[in-house]
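J.: From the sequence below, what's the structure:
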Amino acid sequence: MSASPERRIGLALGGGGARGLAHLHVLAAFDDLGVRPAVIAGSSIGALIGACYAAGLTGGDLREHVEGQLRRRADVVAKLMRARVGRITDLFGAGSRNPMLLDGEALIQSFLPPEIPSTIEELPTPFTATATDFFERRGIGLDKGALAPALAASAAIPGMFRPVSHDGRVLIDGAMTNPLPFDLLGDRADVVMAIDVTGGPVPGGRAPNVFETMLGATQIMQTTIVDAMIAQRPPDSLIRPNVAGVTLLDFFKSAAALRASQPAREEAKREIERLMRG
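T.: Prediction:
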């Protein structure tokens, strides 16, 4: 099955931390059908996965790479420590800085597959990453220039990653303003498929600690933004994989997260075929 020029599919991959591993099933569905999106937009984890797919990797390639990268917890922790820019003494300095603050660009480059080019223009599939301009207080789309800082900016969760200075701007997590960027695909696609991994309500329990509260508040904000965007102008196809029980940073539970969201592969195949038929 091949994509007709009259039915260009735009693919939007949303932010959601470890929940974004569910995107791999959707990419596998495209591969199963022999279809490639005409354009891809991604936010946060969706930008990372989307850029790799835009570079020409298959969903299977990406899953193998992700599972290989996360297989050894000690290796992941070592990469995190090497990307650390904060110091223990920061706890006692002005502004109560975070001693575990991470350099997102350094961390991302340590995890990206070697096939990924250095600029967005070199990607075979047109690609846009969302980011949030901290001082202008608005979301932007990054569709040209150096790729690594664009991805680092898109995934720069406040309080965990330091802001990214890029192209004269100070940028933070794109999911702060546009967690599901189907609106950025514009006239480059005839139909749009959006994959939302923000997740829904979670079971109640003990009161969250400070860190859990910060991450949970981020999830609540992103879900609210996505719901408002969909209510205003829904995409042609919306898939919400099962990401229940997966938190923002549950990357070491990748096997469980992928098992839970496996049905998204068949759902995505049905939706792609529907979109292609018109």
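J.: can you tell me how far Ala194 sits from Ala217?
T.: Using Cβ to Cβ, to the nearest Å, Ala194 is found at 23 Å from Ala217. Every C-beta, even on glycine, is put in place using the N, C-alpha and C of the backbone.
J.: higher neighbour count, the two?
T.: Shown here are Ala194 and Ala217; by other Cβ atoms under 10 Å, Ala194 has more neighbours (26 against 11).
J.: Work out for me the element that one sits within.
T.: Ala194 belongs to strand 191-195 when assigned by DSSP states H and E.
J.: can you list the residues that contact that strand?
T.: Strand 191-195 has contacts (Cβ atoms under 8 Å, 6 or more residues apart in numbering) with 7-14, 22-23, 26, 37, 46, 180, 182, 185, 235-241, 264, 268, 271-272, 275.
J.: Sketch out the low-pLDDT regions of this protein for me.
T.: Confidence mapping of the chain against pLDDT under 70 gives the ranges 1-6, 86-100, 202-204.
J.: Off-centre distance for the longest strand that it contains?
T.: Counting residues, the longest strand found in the chain (DSSP state E) is strand 127-133. Relative to the mean C-alpha coordinate of its chain, strand 127-133 is positioned 11 Å out (Cα atoms, centre = their mean, to the nearest Å).
J.: so what strands line up beside whichever helix or strand comes after it?
T.: Downstream of strand 127-133, the first helix or strand assigned by DSSP H and E is strand 138-142. Counting by DSSP bridges, the strands paired with strand 138-142 are strand 127-133 (antiparallel).
J.: Run through who's touching the partner strand.
T.: With contact meaning Cβ under 8 Å, 6+ apart, strand 127-133 is reached by 39-44, 47, 50-51, 54, 120, 138-143, 150-151, 153-154, 156, 164, 166, 169-178, 181, 184-185.
J.: from those, which ones fall inside strands?
T.: Per DSSP E, strands hold the following members of the contacts of strand 127-133: 39-42, 138-142, 164, 166, 169-173.
J.: quick one: which two of those residues are the most distant?
T.: Spatial extent of these (Cβ to Cβ) is set by the pair Val39 and Val170 at 27.1 Å.
J.: Just the closest of the ones in strands among the contacts of strand 127-133 to Met229, please.
T.: Gly139 (11.2 Å).
J.: isn't that closest one right up against Asn178?
T.: Yes. Between Gly139 and Asn178 there is a contact under Cβ atoms under 8 Å: 4.4 Å.
J.: Please, where are all the helices along the protein?
T.: 23-33, 45-54, 59-70, 73-82, 104-111, 147-154, 210-232, 254-260, 264-277 (DSSP state H).
J.: how about these in CSV, adding distance to Thr247?
T.: Output for those, formatted as CSV (distance: least, Cβ to Cβ, whole Å):
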stretch, distance to Thr247
helix 23-33, 17
helix 45-54, 13
helix 59-70, 15
helix 73-82, 16
helix 104-111, 19
helix 147-154, 20
helix 210-232, 7
helix 254-260, 10
helix 264-277, 18
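J.: Not counting its neighbours along the chain, what's nearest Val26?
T.: Ala268 (4.4 Å; Cβ to Cβ, 6 or more residues apart in numbering).
J.: The one you found and Gln262: what is the separation?
T.: 11 Å.
J.: Now stretch 56-66 - C-alpha only, CSV.
T.: Extracted in CSV, the C-alpha atoms of stretch 56-66 (Å, rounded to 0.1, in the frame of the first residue of the first chain):
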residue,chain,number,x,y,z
GLY,A,56,14.2,7.4,8.0
LEU,A,57,14.3,4.9,10.9
THR,A,58,11.4,2.4,11.1
GLY,A,59,9.2,1.9,14.1
GLY,A,60,11.0,-1.4,14.6
ASP,A,61,14.4,0.2,14.5
LEU,A,62,13.4,2.8,17.0
ARG,A,63,11.9,0.2,19.4
GLU,A,64,15.1,-1.9,19.2
HIS,A,65,17.1,1.2,19.9
VAL,A,66,15.0,2.4,22.9
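J.: Please report how far Pro241 lies from Arg84.
T.: Taking Cβ to Cβ, one finds Pro241 at 32 Å from Arg84.
J.: Would you write a PyMOL line that selects the buried entries of the contacts of strand 127-133?
T.: To isolate the buried ones among the contacts of strand 127-133 in PyMOL, judged by 16 or more other Cβ atoms under 10 Å, type:
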select buried, resi 39+40+41+42+43+44+47+50+51+54+120+139+140+141+142+143+150+151+153+154+156+164+166+169+170+171+172+173+174+175+176+177+178+181+184+185
